[in-house]
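**Student:** Model the structure of this input:
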Amino acid sequence: MRNLIAWVLLLAVFLIAGEGLNLFRIHVVDWLAYGRAADGVISILGLILAFLGTAFLGGYVYYRDKKRGKLQREGWRGRPVTKKRLPRQR
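**Tutor:** Next comes the predicted model:
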């Protein structure tokens, strides 16, 4: 049940981001064709909606990978950075 709720939430956010891109696409064309200010405002709101949905999905994936230990710290030119270990005290 828990996984189902997570999938539904992710699907809803994905659809919201897609609708934001669709709003942006449609209203930019209308704004260029007719020059109404309302179309410009709605296109900006659609772009913000798409950005927020995409940021949420990216944050979800990042948090999940961090929780599972799949992230690796990278150094210069993508090389893995080894952790410096402190000497053991006996």
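
**Student:** What number of neighbouring residues does Trp31 come out with?
**Tutor:** Under the neighbour criterion other C-beta atoms under 10 Å, Trp31 is assigned a count of 18. Bear in mind the C-beta positions are built from the backbone N, C-alpha and C, glycine included.

**Student:** In contact with the nearest residue to it once chain neighbours are set aside, which residues?
**Tutor:** With C-beta to C-beta, 6 or more residues apart in numbering as the criterion, Trp31 has its nearest non-adjacent residue at 3.8 Å, and that residue is Asp39. Contacts for Asp39 (C-beta atoms under 8 Å, 6 or more residues apart in numbering) come out as 27-28, 30-31.

**Student:** Between those, identify the one with the most neighbours.
**Tutor:** Compared across the contacts of Asp39, His27 has the highest neighbour count, 21 neighbours, by other C-beta under 10 Å.

**Student:** for it, helix, strand, or coil?
**Tutor:** Assigned with DSSP: H, G, I helix; E, B strand; the rest coil, His27 falls in the helix class.

**Student:** Hmm, it is touching Gly40, no?
**Tutor:** Yes: judged on C-beta atoms under 8 Å, His27 makes contact with Gly40 at a distance of 7.5 Å.

**Student:** For stretch 39-57, output the C-alpha coordinates as PDB.
**Tutor:** Coordinates of each C-alpha in stretch 39-57 appear next as PDB, following Å, rounded to 0.1, in the frame of the first residue of the first chain:
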ATOM      1  CA  ASP A  39      -1.300  34.700 -22.300                       C
ATOM      2  CA  GLY A  40       2.200  35.800 -21.300                       C
ATOM      3  CA  VAL A  41       1.400  35.500 -17.600                       C
ATOM      4  CA  ILE A  42      -0.100  32.000 -18.000                       C
ATOM      5  CA  SER A  43       2.900  30.900 -20.000                       C
ATOM      6  CA  ILE A  44       5.200  32.100 -17.200                       C
ATOM      7  CA  LEU A  45       3.100  30.200 -14.600                       C
ATOM      8  CA  GLY A  46       3.200  27.100 -16.700                       C
ATOM      9  CA  LEU A  47       7.000  27.300 -16.900                       C
ATOM     10  CA  ILE A  48       7.200  27.700 -13.100                       C
ATOM     11  CA  LEU A  49       4.800  24.700 -12.600                       C
ATOM     12  CA  ALA A  50       7.000  22.600 -14.900                       C
ATOM     13  CA  PHE A  51      10.200  23.700 -13.000                       C
ATOM     14  CA  LEU A  52       8.600  22.900  -9.600                       C
ATOM     15  CA  GLY A  53       7.400  19.500 -10.800                       C
ATOM     16  CA  THR A  54      10.800  18.600 -12.300                       C
ATOM     17  CA  ALA A  55      12.600  19.800  -9.200                       C
ATOM     18  CA  PHE A  56      10.400  17.700  -7.000                       C
ATOM     19  CA  LEU A  57      11.100  14.600  -9.100                       C
END
